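Asks: Return a 3D structure for these sequence lines:
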Amino acid sequence: MVIDLIKKYSMSTHINTLEGNDLTVAQLAIAHPGALAVFTKYNIDYCCGGNRSLVEACHRVGLDPDLIRAEIDEASPTDSALALKPETWSSGLLIDFIVQNHHSYIKSVTPEIEALLDRVCDRHGNDCLELLKVRECFRDLTEELALHMEKEEKVLFPLIRRMELSGAEATSLEKKVLGPIAAMEAEHESAGDLIKQIRYLSNNYTPPDFACPTFQITYRKLKEYDNDLMRHIHLENNILFGRFKDSTTPSSCSI
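Replies: Purely as a prediction, here's the structure:
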């Protein structure tokens, strides 16, 4: 199993702990896995907007960066895989984890959420027009992600695996990988825009007082989907893709 390989690889790899107050949000997310729960709690973008400093990211959402940093320092990792330091894994192992966990999750849970949205829209669509827009955004998101994951699995990820195994060829292959990476990051930005709309329309996944149990389950499932997608994009943008591009390149996405 990939998780057993991850444990073995992580234990045998020297881990550098990033310290200091000048880390970007992405660097904090990597150095302190417990930070992800804090960032999620306060809607701080650690994925596409991870190149921002913590100060800038906090100011964007009206938070005190010192208080957020203190909460991060006290936080414990809630994601066992991220606690195993994925930045220390080989690219091939990281790709295996992304495909077997995050890609598989999206493929398996999408039909369930779509069916739930259809049910609650049929029952509550006239009382809660935002639900119809949530369903429309989710459909757009899942259609985009299906094509996105196919391109990663058939084009980009095999190219990265070749780079890892190529040795002398690595320099020439590196030039070929930058274009697909830029395309995938642009698609992550588009997915982020749709997630932002769903968060807004659902009042950050807060069901109204009249919501039936199915309505409540639907919003809970959508929130779980959102959280998984943010971790998914974090692993790709900040760790996997970050190995092949200039780390100073700014990102325009603002999930």
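
Asks: how about low-confidence regions in the stretch 51-200 of the chain?
Replies: For the stretch 51-200 of the chain, the stretches flagged by pLDDT under 70 are 76-83, 167-174.

Asks: Any buried residues in the helix or strand containing residue 122, and which?
Replies: When secondary structure is defined by DSSP states H and E, residue 122 falls within helix 104-124. Neighbour counts over helix 104-124 (16 or more other CB atoms under 10 Å) mark 105, 106, 110, 113, 116, 117, 120, 121, 124 as buried. Quick note: C-beta positions are derived from backbone N, CA and C, even for glycine.

Asks: Would you map the helices across this protein?
Replies: 2-11, 25-31, 35-41, 54-60, 65-74, 80-83, 91-97, 104-124, 129-151, 157-166, 170-201, 213-233 (DSSP state H).

Asks: residues contacting the closest residue to residue 109 other than its chain neighbours?
Replies: Spatially, and ignoring its direct neighbours in sequence, residue 109 is nearest to residue 225 (6.4 Å; CB to CB, 6 or more residues apart in numbering). Going by CB atoms under 8 Å, 6 or more residues apart in numbering, residue 225 touches 106, 109, 113.

Asks: Please tabulate the residues you listed in a markdown table, including the columns distance to residue 96.
Replies: What follows is these, written out as a markdown table (distance: CB to CB, whole Å):
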| residue | distance to residue 96 |
| --- | --- |
| 106 | 16 |
| 109 | 20 |
| 113 | 25 |
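
Asks: which among those gets closest to residue 203?
Replies: Residue 203 lies nearest to residue 113 out of the contacts of residue 225, by CB to CB, at 17.6 Å.

Asks: The closest one touches residue 222, doesn't it?
Replies: Yes. In this structure, residue 113 is within contact of residue 222 by CB atoms under 8 Å, at 6.5 Å.

Asks: re earlier: please tell me how far the helix holding residue 122 is from the chain's geometric centre.
Replies: Remark: helix 104-124 is offset 20 Å from the chain centroid, using CA atoms, centre = their mean, to the nearest Å.

Asks: So which elements touch it?
Replies: Applying 3 or more CB pairs under 8 Å, 6 or more residues apart in numbering; DSSP states H and E, one finds that helix 104-124 contacts helix 129-151, helix 213-233.

Asks: right, so of these, which gets closest to residue 206?
Replies: By CB to CB (comparing all of the helices and strands packed on helix 104-124), the closest turns out to be helix 213-233, at 7.2 Å.

Asks: Let me know the angle separating the closest one from helix 104-124.
Replies: Taking axes from the mean of the first three to the mean of the last three CA atoms, to 10 degrees, one finds helix 213-233 and helix 104-124 inclined to each other by 150 degrees.

Asks: Now helix 213-233: average pLDDT?
Replies: Helix 213-233 shows an average pLDDT of 94 in the prediction.

Asks: C-alpha coordinates for that helix, CSV please?
Replies: Extracted in CSV, the C-alpha atoms of helix 213-233 (Å, rounded to 0.1, in the frame of the first residue of the first chain):
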residue,chain,number,x,y,z
PRO,A,213,-31.5,16.1,7.5
THR,A,214,-30.8,15.5,3.8
PHE,A,215,-30.1,19.3,3.4
GLN,A,216,-27.7,19.2,6.3
ILE,A,217,-25.9,16.1,5.1
THR,A,218,-25.5,17.7,1.6
TYR,A,219,-23.8,20.8,3.1
ARG,A,220,-21.6,18.6,5.3
LYS,A,221,-20.5,16.6,2.3
LEU,A,222,-19.8,19.7,0.3
LYS,A,223,-17.6,21.1,3.1
GLU,A,224,-15.7,17.8,3.2
TYR,A,225,-15.3,18.0,-0.5
ASP,A,226,-14.0,21.6,-0.2
ASN,A,227,-11.5,20.6,2.5
ASP,A,228,-10.2,17.7,0.5
LEU,A,229,-9.8,19.7,-2.6
MET,A,230,-7.8,22.4,-0.8
ARG,A,231,-5.4,19.7,0.5
HIS,A,232,-5.3,18.2,-2.9
ILE,A,233,-4.3,21.5,-4.6
